[in-house]
Each structure stands twice: as C-alpha cells, then as structure tokens.
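[1] Provided below for reference: sequence and predicted model.
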Amino acid sequence: MRAEYRFHNGLVLPNSFTDAGLDGILKGALRNEWPAGGLFVGLCSAVPSRGLTLADLQEPTVGVNGYARLALARSAVAWPTAGTQNGDPFLETEDQVFTATGGPFDKGIFRMFLTDQAVATAGNVWALSAALQVESVIDVATPVAERTFNYRVYGV
C-alpha cells in the first residue's frame, strides 16, 4: 500500500506507513475496526521510523497561535475522487487546507503525518511523508496553493 500528499502547487510528497498504520488500515478494512474519531493529518518535523509515535514528533502548537490537524472522514464525501493511475486504483480526499490561527506557526515543519488522534500528543502515527527540501513555517501570507493538498491512497 502506498499514499501521497498532492499539493496544488504541484509538489507531491510520498508517504511511508508505520507498523501501527498498516495494522490500523488492515483491521479497518477487513474487521471494520476503525478508530472512533477517524483519521487526521498533521504537520511536523520527525525522523522516519516504522515504530514512530506522536511523542517522537516536533509539531506546531495545536490551538491558538498554532494550527489544527485536519480530519479525514471515512465517507464518499471526504474521499470523492476514485480513479486509476498507471494501472493502480486510488481514492483521493477533497481539498484540505492548513491555516495559521492567530499568527504564524510557532515551529517549522518538514513533513506531514497521519494519526488517529485529533489533538493528543501521545498515540500512534499511522504514516509519515517524505521531507520537504526546506523547512516551512505557515503564516497568513503563505500562498494557498502551498498549503492546500489532497491525500491519495493507492490500493497497491
């Protein structure tokens, strides 16, 4: 299984699943055991690891003068695009936009992550993106195309 974050400015960041993420997706698909709150996308700096947890991340503050993780609901409305690319089937989310609340993010970020936690700083990281080439700090002046993306998951 593979996935990627596809930004409106053309940037594509491949995604690596952690052990917890692969376990969660398999149990969700085959046993209907899905996290009660769903899945969320966040921003961070982190060193990749198959055993990565939220405690390992350096994340901008969640809340005032920070940001909010974005919810990825489990529905056809949240994942409206289905298709095939190079023979591989995929599902893709609707547009997701990170927004600075009350000022610029208080920490720079290099990566995006997927978790089953809306705000907690302890718990599982399901996936981690490849790194940006340079650190980014999102603020109100950051162009919308640089903070708008779709999350695409391939069935291979």
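    Thanks, I have the structure now. Only a predicted model underlies this, so the values are computations on that prediction, with no experimental measurement involved.
[2] residue ranges of the strands in this structure, please?
    Ranges of strands within the chain are 2-7, 12-17, 39-44, 70-72, 81-85, 88-92, 96-97, 111-115, 125-129, 148-154, based on DSSP state E.
[3] Looking at those strands, which is nearest to Pro60?
    Comparing the strands of the chain by their distance to Pro60 (CB to CB), the top pick is strand 39-44, with 6.1 Å. To be clear about C-beta, it is placed using only N, CA and C from the backbone, and glycine gets the same treatment.
[4] The closest one vs strand 148-154, what angle?
    Between the direction of strand 39-44 and that of strand 148-154, the angle (axes from the mean of the first three to the mean of the last three CA atoms, to 10 degrees) works out to 120 degrees.
[5] State the number of residues packed around Pro80.
    Neighbourhood size, Pro80 [other CB atoms under 10 Å]: 12.
[6] Is it in contact with Asp95, as I believe?
    No - taking contacts as CB atoms under 8 Å, Pro80 lies outside contact range of Asp95: 10.0 Å.
[7] ok, what's across the strand from Ile109?
    Ser136 (DSSP bridges).
[8] right, I mislabeled it, should have said Tyr151
    Tyr151 has the following beta-bridge partners by DSSP bridges: Tyr5.
[9] burial count for it?
    24.
[10] For it, give me its contacts.
    The contact partners of Tyr151, by CB atoms under 8 Å, 6 or more residues apart in numbering, come to Ala3, Glu4, Tyr5, Arg6, Val41, Leu72, Glu92, Thr93, Gln96, Leu114.
[11] for Thr18, same thing?
    When the contact criterion is CB under 8 Å, 6+ apart, the partners of Thr18 are Ser49, Arg50, Gly51, Leu52, Asn124, Val125, Trp126, Ala127, Leu128.
[12] The fourth one and Leu114, how far apart?
    Right, Leu52. Distance of Leu52 to Leu114, computed by CB to CB, to the nearest Å: 11 Å.
[13] Give the intersection of the neighbour lists for those two.
    Taking CB under 8 Å, 6+ apart as the contact criterion, the residues that touch both Leu52 and Leu114 are Val125, Leu128.
[14] closest to Val137 out of the strands of the chain?
    The closest approach between Val137 and any of the strands of the chain, judged by CB to CB, belongs to strand 39-44 at 10.1 Å.
[15] Pull up the pairing partners for that closest one, direction included.
    When pairing is defined by DSSP bridges, strand 39-44 lines up against strand 70-72 (antiparallel), strand 111-115 (antiparallel).
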